[in-house]
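Enquirer: Here is the input, now give the coordinates:
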Amino acid sequence: MIDVASYLKDNQQRFLDELLDLLRIPSVSADPKYAGDVKRMAEATAEHLRKAGADKVQVFPTEGHPIVYAEKIIDPKVPTVLVYGHYDVQPADPLELWESGPFEPVIKKTTAHPHGAIFARGACDDKGQFFMHVKAFEMMMQQQPLPCNIKFMIEGEEEVGSKNLATFCKEKKSMLACDVVLISDTGIIDNKTPSLTVGLRGLCYMEVEVQGPNRDLHSGVYGGAVANPINVLCDMISSLHDDKRRITVKGFYDDVEKISKKERTMMNAAPYNEKAYMKDLGVRELMGEKGFTTVERTGIRPTLDVNGIWGGYIGEGAKTVLPSAAFAKISMRLVPDQDPHKIEKLFQKHFESIAPKSVKVKVTAHHGGYAVVTPTDSVEYKAAERAMEKAFGKKPLPQRGGGSIPIVAMFDRVLKAKSILMGFGLDSDAIHSPNEHYGLFNFYKGIETIPYFYKYYAEMKKK
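Expert: All right, here's what the predicted structure looks like:
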């Protein structure tokens with residue numbers, strides 16, 4: 001192994017400058033007007049892989065945004081690791097809430113990141129994290145031979161449901177063959193408490209429309225006589241939870257995984273300060289399903305949340321209108337044993353059943369995925385655990401995450417490979433929100449840690 005500390009010290013400013021350049025590219029996959037920038041980001045990613053020493057670097061077109069592939073095969077007898085990441089980012093809206101331009105990265109100190117953090121859309125999710133792997137690979141290439149064969153698959157549609165990734169994996173199954181998939185799109189508990197994500201929630205994402213009169217109406221002339229779709233939609237959404245914050249969709253909890261008291265106790269042993277949690281979020285009280293702690297609510301319990309709601313007049317000033325339609329986007333985070341396709345049908349049936357006759361409803365499914373739980377007794381997990389312990393000086397805690405990476409279950413099904421979720425972000429890094437950021441400590445610590453994973457994984461596979 002190379003001297004990681006000295007190589008990082010000599011090259012960390014260059015690593016940072018290169019990442020800042022990538023963050024300036026507005027690779028928003030959800031908005032067609034950024035299609036050119038998404039393609040430019042794919043090409044930039046490919047070029048960095050070439051410069052780092054990868055072979056067979058190629059940008060594969062899909063029906064949507066491109067997928068970048070690269071590899072370095074040194075010996076068919078050693079393990080093969082497939083690195084997965086995504087170069088696309090969430091929309092930056094609302095722009096007025098950003099303290100600096102979302103695609104004009106700046107470095108500022110925060111309470112959680114006293115050494116500084118990069119503020120930009122995609123800094124943590126996932127440009128900063130996938131780029132750690134590119135730079136770690138560059139470091140390992142300085143001392144041959146590599147301990148493992150390494151493949152990279154960096155996609156541009158994760159933030160819109162990885163629409164074309166499953167098809168790509170099926171078509172390129174032989175090319176992507178590997179022993180394990182290594183992913184950094186998750187986080188750690190805090191910078192003094194390393195952790196490895198061993199579970200992710202699934203997802204079921206829906207859009208609903210409530211239709212009332214055949215046109216917008218004058219709210220004075222018709223108000224009180226015709227159903228207002230926005231009022232009706234709000235009533236319907238409110239009814240989706242009971243007074244214990246349990247979801248009222250019939251059959252929703254039928255397949256929810258039962259978690260043992262022992263595992264719940266272990267989950268709640270992780271460092272957690274409720275006052276600090278509320279202070280960071282700017283709230284005076286927490287809300288969630290009765291009978292569960294905050295750690296449990298975000299890790300092992302399913303949820304239903306409105307992600308957006310609109311209708312009527314929302315421009316400047318006033319317009320006394322009774323709207324003809326109202327809309328909402330609703331996501332459900334699922335836990336192991338829940339089937340997103342089944343939940344989709346249950347939700348649609350329930351939502352249609354609670355609509356009053358005064359309106360019509362339309363329910364559209366967008367995308368979803370299954371929850372996953374990764375074993376903690378595998379060689380792959382033990383290698384990641386040892387790598388984190390080497391870099392942080394303490395053994396990482398296994399932790400279930402509240403987010404969703406639907407393609408993890410797909411990798412297991414199509415590539416027959418388990419995934420290791422070794423992320424370095426923090427919950428407070430504001431991913432998907434204005435002022436997203438990623439700590440310099442975390443960026444460099446990831447680059448330091450990743451080569452150890454390859455070293456220990458190769459050693460353990462030999463035994």
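Enquirer: Send over the lengthiest helix in the chain as CSV, restricted to the C-alpha atoms.
Expert: Ordering each helix of the chain by length in residues (DSSP state H) puts helix 440-462 first. Once non-C-alpha atoms are left out, helix 440-462 reads as follows in CSV (Å, rounded to 0.1, in the frame of the first residue of the first chain):
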residue,chain,number,x,y,z
LEU,A,440,-13.7,18.4,3.7
PHE,A,441,-12.9,16.0,6.5
ASN,A,442,-15.4,13.5,5.2
PHE,A,443,-14.2,13.9,1.6
TYR,A,444,-10.6,13.2,2.5
LYS,A,445,-11.5,10.5,5.1
GLY,A,446,-13.4,8.6,2.4
ILE,A,447,-10.4,8.8,0.1
GLU,A,448,-8.2,7.5,2.9
THR,A,449,-10.5,4.7,3.9
ILE,A,450,-11.5,3.2,0.5
PRO,A,451,-8.0,1.7,-0.3
TYR,A,452,-8.1,-0.1,3.0
PHE,A,453,-11.3,-1.8,2.0
TYR,A,454,-9.7,-3.3,-1.1
LYS,A,455,-6.6,-4.4,0.9
TYR,A,456,-8.6,-6.2,3.6
TYR,A,457,-11.2,-7.6,1.2
ALA,A,458,-8.4,-9.2,-0.9
GLU,A,459,-6.7,-10.6,2.2
MET,A,460,-9.9,-12.1,3.6
LYS,A,461,-11.0,-13.6,0.4
LYS,A,462,-7.7,-15.5,0.2
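Enquirer: same for it, what does it pack against?
Expert: helix 4-23, strand 117-119, helix 128-141, strand 180-183, helix 379-392 (3 or more CB pairs under 8 Å, 6 or more residues apart in numbering; DSSP states H and E). No exception for glycine: its C-beta is placed from N, CA and C like everyone else's.
Enquirer: Next one: the nearest residue to residue 15 once chain neighbours are set aside from residue 17, what distance?
Expert: Once flanking residues are discounted, residue 15 sits nearest to residue 135: 5.1 Å by CB to CB, 6 or more residues apart in numbering. Going from residue 135 to residue 17 by CB to CB, to the nearest Å gives 12 Å.
Enquirer: can you give me the helices in the protein?
Expert: Remark: helices assigned in the chain by DSSP H are 4-23, 35-52, 128-141, 165-171, 229-238, 261-267, 274-281, 294-297, 340-353, 379-392, 407-410, 440-462.
Enquirer: Quick check: which of the ones you listed is buried the most?
Expert: Of all these, helix 128-141 has the most neighbours on average by mean count of other CB atoms under 10 Å, namely a mean of 24.
Enquirer: okay, the angle between that helix and helix 35-52?
Expert: Angle between the axes of helix 128-141 and helix 35-52 is 20 degrees (criterion: axes from the mean of the first three to the mean of the last three CA atoms, to 10 degrees).
Enquirer: what separates helix 128-141 from the chain centre, distance-wise?
Expert: 20 Å (CA atoms, centre = their mean, to the nearest Å).
Enquirer: Show me what it is packed against.
Expert: Applying 3+ CB pairs under 8 Å, 6+ apart, we find helix 128-141 packed against helix 4-23, helix 35-52, strand 80-86, strand 149-155, helix 440-462.
Enquirer: Contacts only, for the residue lying closest to residue 19 once chain neighbours are set aside.
Expert: Distance criterion CB to CB, 6+ apart; nearest residue to residue 19, sequence neighbours excluded, is residue 131 at 5.3 Å. By CB atoms under 8 Å, 6 or more residues apart in numbering, the residues touching residue 131 are 18, 19, 22, 48.
Enquirer: Recalculate using a threshold of 10 Å.
Expert: Taking CB atoms under 10 Å, 6 or more residues apart in numbering, we find residue 131 in contact with 15, 18-19, 22-23, 45, 48, 85, 87, 122, 154, 184, 443, 446-447.
Enquirer: Residue 141 contacts residue 50, doesn't it?
Expert: No: Residue 141 lies out of contact with residue 50 (CB atoms under 10 Å); the separation is 11.7 Å.
Enquirer: which residues touch the residue nearest to residue 82 when sequence neighbours are not counted?
Expert: Closest residue to residue 82 apart from its sequence neighbours, by CB to CB, 6+ apart: residue 178 at 3.8 Å. Listed by CB under 10 Å, 6+ apart, the contact partners of residue 178 are 71, 79-84, 148-151, 153, 411, 415-417.
Enquirer: can you tell me how far the spatially closest residue to residue 156 that is not a sequence neighbour sits from residue 214?
Expert: Distances taken as CB to CB, 6+ apart put residue 65 closest to residue 156, at 3.4 Å, once the chain neighbours are dropped. Separation of residue 65 from residue 214 (CB to CB) stands at 38 Å.
Enquirer: Could you do residue 316 as well?
Expert: Taken as CB to CB, the span from residue 316 to residue 214 is 27 Å.
Enquirer: Equivalent analysis for residue 424, please.
Expert: 53 Å.
Enquirer: cool, and residue 448?
Expert: Separation of residue 448 from residue 214 (CB to CB): 63 Å.
Enquirer: Please list all residues in contact with residue 422.
Expert: Each residue near residue 422 by CB under 10 Å, 6+ apart is listed here: 129, 132-133, 182-186, 188, 194-197, 380-381, 383-385, 387-388, 396, 446, 449-450, 453.
Enquirer: Find me the pLDDT at it, would you?
Expert: For residue 422, the pLDDT comes out at 98.
Enquirer: and if you look at residue 291?
Expert: At residue 291, the model reports a pLDDT of 95.
Enquirer: what's the nearest residue to it if we skip its chain neighbours?
Expert: residue 244 (7.7 Å).
Enquirer: just residue 34 next, same as before
Expert: Nearest in space to residue 34, with sequence neighbours left out and distances taken as CB to CB, 6+ apart, is residue 28 at 4.2 Å.
Enquirer: number of nearby residues for that neighbour?
Expert: Taking other CB atoms under 10 Å as the criterion, the count of residues near residue 28 is 25.
Enquirer: Now do the strands in the stretch 201-350 of the chain.
Expert: Counting by DSSP state E, counting those that start in this stretch, the stretch 201-350 of the chain has strands at residues 202-211, 217-218, 303-311, 321-322, 325-334.
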